[in-house]
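A.B. asks: for reference, the sequence and a predicted model appear below.
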Amino acid sequence: MTPRFHPGEAVRVIDKASAGHVRTPRYIRGKCGVVERICGEFRRPEESAYGRYGGGRERLYRVRFAQHEVWPDYAGPAEDTLDVEIYEHWLEKREAGP
């Protein structure tokens, strides 16, 4: 299966409400970052948490965010970053712009 995103590519985390177990933290939803690496393919956590597994796997990415993108009041150095591992179905290509 071909990766949808590649290291160095700008992405946005989808900002959607979801019930139950979700591995994507709320504080990162809607934020923009850059794919740092592809971590591999794993079972979808939303299904595995409830003992459901149909055999499919999904790609997991490590995405790097500028701290000031995640926390607008961040007072640390501008170059500080935060890495979060996010499944492919939570990511979309980031459109041009801020």
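C.D. replies: Nice, I can see it.
A.B. asks: let me see the mean pLDDT of whichever strand in the chain runs longest.
C.D. replies: Of all segments of type strand in the chain, defined using DSSP state E, the longest is strand 32-42. Mean per-residue pLDDT for strand 32-42: 95.
A.B. asks: likewise stretch 6-15?
C.D. replies: Stretch 6-15 carries an average pLDDT of 96.
A.B. asks: residues contacting stretch 1-19, please?
C.D. replies: 24, 28-38, 41, 46, 59, 61, 63, 86, 88, 90-95 (Cβ atoms under 8 Å, 6 or more residues apart in numbering). All C-beta spots, glycine's among them, are computed from the backbone N, C-alpha and C.
A.B. asks: so which bits of that stretch are buried?
C.D. replies: 4-5, 9, 11-13 (16 or more other Cβ atoms under 10 Å).
A.B. asks: list just the nearest of those residues to Val70.
C.D. replies: Comparing those against Val70 with Cβ to Cβ places Val13 closest, at 10.2 Å.
A.B. asks: report the buried members of the contacts of stretch 1-19.
C.D. replies: Buried among the contacts of stretch 1-19 by 16+ other Cβ under 10 Å: 24, 28-29, 31-36, 38, 46, 59, 61, 63, 86, 88, 90-91.
A.B. asks: on that earlier part again, who does the longest strand of the chain pair with, and is each partner parallel or antiparallel?
C.D. replies: strand 10-13 (antiparallel), strand 58-66 (antiparallel) (DSSP bridges).
A.B. asks: now render these as TSV, adding distance to Pro72.
C.D. replies: Below are those laid out as TSV (distance: least, Cβ to Cβ, whole Å):
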stretch	distance to Pro72
strand 10-13	16
strand 58-66	11
